[in-house]
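**Q** Build me a model from this:
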Amino acid sequence: MTRHFLDLDRIEAGELHAILRRSAEMKAARQGRPRGAPDDDPCLAGRVVALIFEKPSTRTRVSFEVGIRQLGGEPLVLAGRDLQLGHGEAISDTARVLSRYVDAIMIRTFERAALEELAAHATVPVINGLTNQSHPCQIMADVMTYQEHRGPIAGRKVVWAGDGNNVFNSFVHAAARFGFDLTFSGPETLDPDPAVLAWAEAEGAPVRIERDPARAVAGADLVVTDAWLSMHDPQEARERRHNQLQPYRVDAALMARAKPDALFMHCLPAHRGEEATDEVMDGPHSVIFDEAENRLHAQKGILRWCLGL
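**A** Below is the predicted model:
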């Protein structure tokens, strides 16, 4: 059976923990090595991984390309314009064709339906590099980062400040799988997807909603935010979202209400001074660049898990 990495809610907790243990081992084994040097176990030697980008990216592209090369494989980068998924050839046919050429496929796209159709027809593993609905690779890196700095995340208080976007959806899935408490703090107009919250409730991991950000972060072990605006948002929508989210900006005063050893995360790219101040992003609580680096290591673990290596 082909093993896809589509969303955290589809994978058992034990499997996710195993991926992160392997990721941490690979990271530790690389200490002091040049970035381009292969791993001790170049398990992707002779294998090709297609990287499909309908949405542009810096961290996703570079981390996957470098990770595949460190594992001894060959990345094949395909822009959306190279494939025109769903606009010319059917996605199902694209999946069947690529499965004859490559050993795995990562896709960063817009709608979840494209990811689902690709996975339904591919005979090689498909990895969700991001959709409008979720971003599981990012949250694997976030959990890895927290556990590097503070130990197991189970039982910790994680607070999300902002809107209920795709990254938050994956945090909800992670809360159930890794056993941490999750609080959402944002305006009601930008609440999380009710279906995602209902899933968490059914899994025994209800998400708390607290409109007052100061009350939300009190006693937090981890405070997380994300960009408020997308490059695709029209100007009117950008202004409206900015006004709604302004009270949820993470600044030094807000971080001071969390635990003294609390961490701050942002998946980047950031609009500095909007969702978080420079004082926080560059301050002692921030682990944003460790978080960015761990995309590389977590995704190597995901690739190995998908291919059974």
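**Q** going forward, measure contacts and count neighbours with C-alpha atoms only.
**A** Noted.
**Q** where do the helices sit along the stretch 101-250 of the chain?
**A** Under the criterion DSSP state H, counting those that start in this stretch, the stretch 101-250 of the chain contains helices at 112-121, 136-150, 166-178, 194-202, 213-217, 235-245.
**Q** looking only at pLDDT, what's the mean for the longest one?
**A** It stands for helix 136-150. For helix 136-150, mean pLDDT rounds to 98.
**Q** contacting residues around that helix?
**A** For helix 136-150, the surrounding residues in contact (C-alpha atoms under 8 Å, 6 or more residues apart in numbering) are 6-8, 20, 24, 128-130, 152-153, 167, 170-171, 174, 263, 265, 267, 287, 290-292, 294-295, 297-299.
**Q** Take these and keep only those in strands.
**A** 128, 129, 130, 263, 265 (DSSP state E).
**Q** Give me the neighbour count for the closest residue to the last one other than its chain neighbours.
**A** Think residue 265. Leaving aside its chain neighbours, residue 265 sits nearest to residue 224 (4.8 Å; criterion: C-alpha to C-alpha, 6 or more residues apart in numbering). Here the number of neighbours of residue 224 (other C-alpha atoms under 10 Å) works out to 21.
**Q** Quick check: bridge partners of residue 224?
**A** residue 160, residue 265 (DSSP bridges).
**Q** Kindly provide the distance from it to residue 65.
**A** 26 Å (C-alpha to C-alpha, to the nearest Å).
**Q** need the contact list for residue 157.
**A** By C-alpha under 8 Å, 6+ apart, the contact set of residue 157 is 180, 181, 182, 183, 219, 220, 221, 222.
**Q** hang on, the earlier thing: distance to residue 259 and mean neighbour count added to the helices of the stretch 101-250 of the chain, as CSV?
**A** Formatted as CSV, the helices of the stretch 101-250 of the chain follow (distance: least, C-alpha to C-alpha, whole Å; neighbours: other C-alpha atoms under 10 Å):
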stretch, distance to residue 259, mean neighbour count
helix 112-121, 36, 18
helix 136-150, 12, 22
helix 166-178, 19, 24
helix 194-202, 25, 15
helix 213-217, 9, 21
helix 235-245, 23, 14
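**Q** Sounds good, over and out.
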